[in-house]
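In: Fold the stuff below for me.
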Amino acid sequence: MNAALPGEFNVYNTLGVLTVCVAMGMPLTKAAEALRSAKGIKGRIEVVQTNTPFTVYIDYSHTPDSLVNIGRALRGIAKGRIITVFGCGGDRDRTKRPLMAKAAEAFSDYFILTSDNPRTEDPQRIIDDAYAGVKGTTVPHEVLVDRRQAIAHALAKAGPGDTVLIAGKGHETYQILATGKIHFDEREVVHELLGETEK
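Out: All right, here's what the predicted structure looks like:
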């Protein structure tokens, strides 16, 4: 059976869905066909349709485990380099920040540490907390506080066959700053930066 979503963790999710469908009386072939035609969930290993020779994914991975899982999934299908944009949320568990950076470093060929939803915290302090997990790394990287700038940098770095992962916000269409919530839809941002209209 071919599932629409890549990654080992999605194999387990798919098997769970099939099991429930069969337990509820749906024929296995019908359940499998429905899963084959599934479009996926917005913000979960979502492909942004672009006119580029590289692939852009948006994913809600905002914990160390979820970053590891998405990294494994992408490493299994990526043809070129994996360029990762990620950050950590403000007013949340500070102990996971260095673990997030370590997780991104583990599968990325290039990573950009940036802001996520800083909320009431200083974005640079959040980044400093995360960076402690990769101090001395040999993986090429950049630190850019402005998330839009970080995405622009990732897109500019990407070449044919590369994979750009924009992690952390997924389905969210906003960013939470100390001054309040602002509109920030990463799909729109990608298309604007590439000079394309959204598909």
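In: Are there helices or strands packed against the helix or strand of the chain with the lowest mean pLDDT, and which ones?
Out: Every helix and strand in the chain was compared by mean pLDDT, DSSP states H and E; the lowest is helix 8-23, with a mean of 85. If you count contacts as 3 or more Cβ pairs under 8 Å, 6 or more residues apart in numbering; DSSP states H and E, helix 8-23 packs onto helix 28-36, helix 64-77. Where you see a C-beta, it was placed from the backbone N, CA and C, and this is true even at glycine.
In: residues in contact with the residue nearest to the spatial centre of the chain?
Out: By Cα atoms, centre = their mean, the chain has its centre lying nearest to A167, at 2.6 Å. Going by Cβ atoms under 8 Å, 6 or more residues apart in numbering, A167 touches 59-62, 67, 70, 84-86, 104.
In: I'd like to know which of these is nearest to A154.
Out: V85 (4.9 Å; Cβ to Cβ).
In: quick one: secondary structure of that closest one?
Out: When classified by DSSP: H, G, I helix; E, B strand; the rest coil, V85 comes out as strand.
In: Can you read off the pLDDT for it?
Out: Per-residue pLDDT puts V85 at 99.
In: Equivalent analysis for the one 3 residues further on, please.
Out: C88 carries a pLDDT value of 98.
In: The nearest residue to it once chain neighbours are set aside: neighbouring residues, count only.
Out: Among residues not flanking C88 along the chain, R97 sits closest, at 4.5 Å (Cβ to Cβ, 6 or more residues apart in numbering). For R97, the count of nearby residues is 24 (other Cβ atoms under 10 Å).
In: mind listing what R97 touches?
Out: Contacts of R97 (Cβ under 8 Å, 6+ apart): 88, 126, 129-130, 132-133.
In: Need phi/psi at it.
Out: Note on R97: backbone dihedrals following degrees, to the nearest 10 are phi -60, psi -50.
In: cool, T55 as well?
Out: phi -110, psi 140.
In: pretty sure it is touching P160, no?
Out: No - counting by Cβ atoms under 8 Å, P160 is not a contact partner of T55; they are 10.5 Å apart.
In: between the two, which one's more packed in?
Out: T55 (21 against 9).
In: Okay, and the beta partners of the more buried one?
Out: T163 (DSSP bridges).
In: Is D129 in contact with R92, as I believe?
Out: No - D129 is not in contact with R92 according to Cβ under 8 Å; the separation is 10.7 Å.
In: And the helices in this structure?
Out: Using DSSP state H, the helices of the chain run over 8-23, 28-36, 64-77, 97-107, 123-131, 147-157, 186-194.
In: worst average pLDDT in those helices?
Out: For those, where the average pLDDT is lowest is helix 8-23, sitting at a mean of 85.
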